[in-house]
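K.L.:
Here's a sequence, model it:
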Amino acid sequence: MHLTTSPVDWYAARAAGIAAYLILTTVVCLGMTMAGRKQLKHWPRFALEDVHRFGGLLVGSFIVIHVATIAVDAYLPFKLTAIVVPLVATYRPIFTALGIAAAELLLALAITNRYRDRLPYAFWRRVHYLNLVIWTAATVHGLGSGTDRSTPWLMAIFAAAVAAVLGIGSWRALRNRLAPARVGAVAATLSTGAVIAVVALATGPLSFSPRPWNARSFDATLTGQVLRDVGTTRGIVSAAATAEGRQRALL
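P.N.:
Predicted coordinates:
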């Protein structure tokens, strides 16, 4: 499956993952606000449902791009089983497994949506809450395995996403139980706490700081093959090798 070492592929994998997460966050927030029909009385419900459904399709499309570009990248240690079976990958296995589980749960949810008219409404509604589980798993996956997770711009994206979901979720859960002012205070408190928690995790235990390359200290053994095609007037010699150790290398 390792077909390319182009940096374009690696950038595409990261961009697709971030795009999928942003759209998933939007879909989750929209799904929670759709329950408050009185607050959204100026918006036709069928329009909200169409946007919600189309957003789910976009999430699935970007996840396919994310997985496919990781699968063909020659530098990452991912075999086919490692991108479809949780806990098989050697790279940050728990966080990678959460991403795989989120993608597979999303596929299961898409199947239930496809056959929504044939399923009992109560069952479909309960299953639909998997959106929150999928979003949570995707959030932890991104915070724990993304190589950009400690950059300010990605921390801001995760912080805003978590704050939005917690804020809207608390509003939905408490809007009929507390006074509007109390609901706003609780939502603001949870959102602020979420921002602090994301920044603390991304800069603390989940921080990522790539080891700088030092060619002079590289002493690992390269394993691979050398191919020669020698002709009468000219010859071609090509080599391909990899090295494992404190610093992975690809030749």
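
K.L.:
Pull the contacting residues for Val27.
P.N.:
Val27 sits next to His52, Gly55, Gly56, Val59, Asn131 when contact means Cβ atoms under 8 Å, 6 or more residues apart in numbering. To be clear about C-beta, it is placed using only N, CA and C from the backbone, and glycine gets the same treatment.

K.L.:
shouldn't the fourth one be in contact with Leu24?
P.N.:
Going back to what we said before, that points to Val59. Yes: Val59 is within contact range of Leu24, at 4.8 Å (criterion: Cβ atoms under 8 Å).

K.L.:
per-residue confidence at Thr189?
P.N.:
As predicted, Thr189 sits at a pLDDT of 90.

K.L.:
helix/strand/coil for it?
P.N.:
helix (DSSP: H, G, I helix; E, B strand; the rest coil).

K.L.:
Distance-wise, check it relative to Cys29.
P.N.:
18 Å (Cβ to Cβ, to the nearest Å).

K.L.:
okay, the closest residue to Thr203 other than its chain neighbours: pLDDT?
P.N.:
In this structure, Thr203 finds its nearest non-sequential neighbour in Ser150, 6.3 Å apart by Cβ to Cβ, 6 or more residues apart in numbering. On pLDDT, Ser150 comes in at 85.

K.L.:
can you tell me which residues contact Ser150?
P.N.:
Ala202, Thr203, Leu206, Ser207, Phe208, Ser209 are the contacts of Ser150 under Cβ under 8 Å, 6+ apart.

K.L.:
will you turn those residues into JSON lines that also has secondary structure?
P.N.:
Below are those laid out as JSON lines (three-state DSSP):
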{"residue": "Ala202", "secondary structure": "helix"}
{"residue": "Thr203", "secondary structure": "helix"}
{"residue": "Leu206", "secondary structure": "coil"}
{"residue": "Ser207", "secondary structure": "coil"}
{"residue": "Phe208", "secondary structure": "coil"}
{"residue": "Ser209", "secondary structure": "coil"}
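
K.L.:
Out of those residues, who's the most crowded?
P.N.:
Ala202 (24 neighbours; other Cβ atoms under 10 Å).

K.L.:
Ala156 is in contact with that one, correct?
P.N.:
No: at 10.0 Å, Ala202 and Ala156 do not qualify as touching, with contact defined as Cβ under 8 Å.

K.L.:
Against Pro205, how distant is the residue lying closest to Gly184 once chain neighbours are set aside?
P.N.:
Closest residue to Gly184 apart from its sequence neighbours, by Cβ to Cβ, 6+ apart: Trp171 at 7.9 Å. Separation of Trp171 from Pro205 (Cβ to Cβ): 30 Å.

K.L.:
So the two - more neighbours on which side?
P.N.:
Higher neighbour count among Trp171 and Pro205: Trp171, with 19 against 8, using other Cβ under 10 Å.
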